[in-house]
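Participant: here's my sequence, what's the structure:
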Amino acid sequence: MYPESIRNLIEAFQSFPGIGEKTAERMAFSILDFDDEKVNLLGENLKQAKEKIHPCPICNTLTEDETCFICQNEQRDRQTLCVVEDPKIVFLFEKLGTYKGLYHVISGLISPLEDVNPEDIGLEKLLERVKKEKFHEIILALKPSVEGEITALYIKKILEGMKVEVSRLASGVPIGADMEYIDSLTLERALEDRKKIS
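Facilitator: Model (predicted):
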């Protein structure tokens, strides 16, 4: 139906997560409305991002510099380390502006069903960093799922014997949720993490 170049553009946009056919079509036709300068700028920005962005050698978050802005910042709390499974989560926490410690990004979560083992997600690097930097607390900010739970328990196990407190984010019933639609894992965690009303 479409000329090949438009069809190729639509297919390229559909490769983005969460972009369906209709949205990809709208994006493709929007590009056709751009002037040459805007198209060239978009292409240049895509190229630069792909060429310049790389994982920080210390924490694995994304940076253009030799090390990321968080690892460079001497004002950060260097006794607290927050472990996340994706660099996007680092930026999410930084937008909140409340956490002042350091981060460590692992490469996903342990998933026996998908044949993702502990050695596949870079836990050796995390272990070496904890040994070297003498943190007081490790916060596990992992997805509240079966895979997140398996990964959290495994990390807790490999850190046993080190003088470090391991904690995880509180999770449970979201505000405004209808109790009958909440899954059993969320309810179980909500009961475990319950707090006294003050």
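Participant: setting aside sequence neighbours, what's the nearest residue to the residue nearest the centre of the chain?
Facilitator: Of all residues in the chain, the one closest to the mean position by C-alpha atoms, centre = their mean is Asp86, 2.3 Å from it. Residue nearest to Asp86 in three dimensions, not counting chain neighbours: Val105, with 6.8 Å by C-beta to C-beta, 6 or more residues apart in numbering. C-beta: built from backbone N, CA, C; applies to glycine.
Participant: where does pLDDT dip in the chain?
Facilitator: Along the chain, the model assigns pLDDT under 70 to residues 197-198.
Participant: can you map out the helices along this protein?
Facilitator: Here the chain has its helices, by DSSP state H, at 4-14, 21-33, 36-52, 69-72, 87-96, 123-133, 146-158, 184-192.
Participant: quick one, the first one and helix 21-33 angle?
Facilitator: Pointing back at helix 4-14 there. Orientation check (axes from the mean of the first three to the mean of the last three C-alpha atoms, to 10 degrees): helix 4-14 against helix 21-33 gives 120 degrees.
Participant: quick check, Leu9 in contact with Ala28.
Facilitator: Yes: Leu9 is within contact range of Ala28, at 4.2 Å (criterion: C-beta atoms under 8 Å).
Participant: before we move on, back to that, ok, which of the helices of the chain comes nearest Asp115?
Facilitator: Comparing the helices of the chain against Asp115 with C-beta to C-beta, the closest turns out to be helix 146-158 (12.3 Å).
Participant: what about Thr61, how many neighbours?
Facilitator: Using other C-beta atoms under 10 Å, the number of residues around Thr61 comes to 24.
Participant: now it: how far from Asp120?
Facilitator: Between Thr61 and Asp120 the computed distance is 19 Å (C-beta to C-beta, to the nearest Å).
Participant: can you give the domain ranges for the protein?
Facilitator: 1-35, 75-171 (automatic domain parsing).
Participant: the shortest one: which residues count as buried?
Facilitator: If I follow you right, that is domain 1-35. Neighbour-count burial for domain 1-35, with 16 or more other C-beta atoms under 10 Å as criterion, is recorded at Leu9, Ile10, Phe13, Ala24, Glu25, Met27, Ala28.
Participant: out of those residues, which is nearest to Glu124?
Facilitator: For those, the nearest to Glu124 is Phe13 (37.4 Å; C-beta to C-beta).
Participant: any idea how far that closest one lies from Ile19?
Facilitator: From Phe13 across to Ile19, the span is 6 Å (C-beta to C-beta).
Participant: same deal with Met162?
Facilitator: Met162 is 43 Å from Ile19, by C-beta to C-beta.
Participant: repeat for Arg7
Facilitator: Between Arg7 and Ile19 the computed distance is 15 Å (C-beta to C-beta).
Participant: over to Lys88?
Facilitator: As judged by C-beta to C-beta, Lys88 and Ile19 stand 16 Å apart.
Participant: kindly report the same for Glu74.
Facilitator: Taking C-beta to C-beta, one finds Glu74 at 40 Å from Ile19.
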